[in-house]
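In: Predicted coordinates and the sequence they were generated for:
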Amino acid sequence: MNRRQPLLRVEQIEKYYGNQGAVTKALDRVSFQVETGEFISVMGASGSGKTTLLNCISTIDSVSAGHIYLEEQDITSIPEDNLAAFRRDHLGFVFQDFNLLDNLTLEENIALPLTLHRLPPHEIDSRVHKIADSLQLGDALGKFPYQVSGGQKQRCAFARAVTGGPNLIMADEPTGSLDSNAARILLEIMSERNRKSNATIIMVTHDPFSASYASRILFLKDGKIFNEIIKGEKSRSVFYHEILDVLSVLGGERPC
Ligand SMILES: Nc1ncnc2c1ncn2[C@@H]1O[C@H](COP(=O)(O)OP(=O)(O)OP(=O)(O)O)[C@@H](O)[C@H]1O
């Protein structure tokens, strides 16, 4: 049989925090799969387990039970000493607060993963300029993070996340610190990268507008998958209203 395997398989994962006295069940038998080229959003009220799920998939946190497979490799059993190399080689990260290195220019920040991959300098230079141009960052490459806007910082973080060609891009509230215009530009860029380069993205967000750029949305409630909706051929605006409907049933926050 030659059936294509999913890129990511999350199987019955559980995550507990604390000890016998006070245990929090942050994830409760969560299972789902992600195909290459999907743009998944994870939504849910505060405390529903979104960040815990992202942290388990990205190996930043360990699962209490269950397994996660990336391209058939069980990443829950990677030895501690090999995790940094695994993350470097397979994952790209975008965080709400950018996580850029303040004493490096945007160009140096974007080049960092390529430097860690030990690419030759001319190759690094050419890749950094190509990605920077496509993310409208060309003019800002020589500046430091404190000299540019939040939107430029987050586009730089996204460039850094994708430039090494990761299997999976993990974004935790990437628009959370941006104004609506910068958020829209970033989401358009993420969406284009997903469509044109077949990049696979998992994005945690509270924001239904951001989530409407995804192709599929998983809703968490109390650590469990409560619902899943697929954009399909619907317009983004129809999908946005569908998201609001699920959120109102879920009883989570509504957008202002
Ligand atoms: N390090 C930790 N120690 C103890 N409990 C934790 C820890 N991290 C998360 N939790 C608990 O696990 C549950 C899920 O938290 P998580 O941060 O994953 O939720 P979330 O949906 O991302 O919330 P938010 O939207 O507020 O960021 C919550 O009850 C939280 O208090």
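Out: Structure received.

In: CA only for contacts and neighbour counts going forward, please
Out: Fine.

In: in the stretch 1-150 of the chain, which spans are strands?
Out: According to DSSP state E, counting those that start in this stretch, the stretch 1-150 of the chain carries its strands in the segments 8-19, 22-34, 39-44, 65-70, 73-74, 91-95.

In: So what are the sheet partners of the fifth one and their directions?
Out: Paired with strand 73-74 in the same sheet, following DSSP bridges, are strand 65-70 (antiparallel).

In: got the contact list for the partner strand?
Out: Contacts with strand 65-70, where a contact means C-alpha atoms under 8 Å, 6 or more residues apart in numbering, come from 7-15, 29, 57, 74-76.

In: Just the buried ones from these?
Out: In terms of neighbour count (16 or more other C-alpha atoms under 10 Å), the buried residues within the contacts of strand 65-70 are 7, 8, 9, 10, 11, 13, 14, 15, 57, 75, 76.

In: got a list of what the fourth one touches?
Out: Neighbouring residues of residue 10 by C-alpha under 8 Å, 6+ apart: 30, 31, 32, 33, 66, 67, 68, 69.

In: can you rerun that using 7 Å?
Out: Contact criterion C-alpha atoms under 7 Å, 6 or more residues apart in numbering gives 31, 32, 33, 67, 68, 69 as the residues in contact with residue 10.

In: Kindly provide the distance from the residue nearest to the fifth one when sequence neighbours are not counted to residue 30.
Out: Excluding the flanking residues, the one nearest residue 68 by C-alpha to C-alpha, 6 or more residues apart in numbering is residue 10, at 4.5 Å. From residue 10 across to residue 30, the span is 7 Å (C-alpha to C-alpha, to the nearest Å).

In: Residue 202 is in contact with residue 40, isn't it?
Out: Yes - if you go by C-alpha atoms under 7 Å, residue 202 and residue 40 touch, sitting 4.8 Å apart.

In: Quickly find the element holding residue 159.
Out: Using DSSP states H and E, the element containing residue 159 is helix 150-162.

In: That helix - contacts with which helices or strands?
Out: Counting by 3 or more C-alpha pairs under 7 Å, 6 or more residues apart in numbering; DSSP states H and E, the packing neighbours recorded for helix 150-162 are strand 91-95, helix 106-116.

In: Could you point out which of these sits nearest the ligand?
Out: Checking the helices and strands packed on helix 150-162 against the ligand by C-alpha to the nearest ligand atom gives strand 91-95 as the closest, at 11.9 Å.

In: CA atoms of that closest one as PDB?
Out: Taking Å, rounded to 0.1, in the frame of the first residue of the first chain, the C-alpha atoms of strand 91-95 are listed here in PDB:
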ATOM      1  CA  LEU A  91      10.700  23.700  13.100                       C
ATOM      2  CA  GLY A  92      10.200  27.400  12.700                       C
ATOM      3  CA  PHE A  93       8.900  29.600  15.500                       C
ATOM      4  CA  VAL A  94       7.000  32.800  15.700                       C
ATOM      5  CA  PHE A  95       6.000  34.200  19.100                       C
END
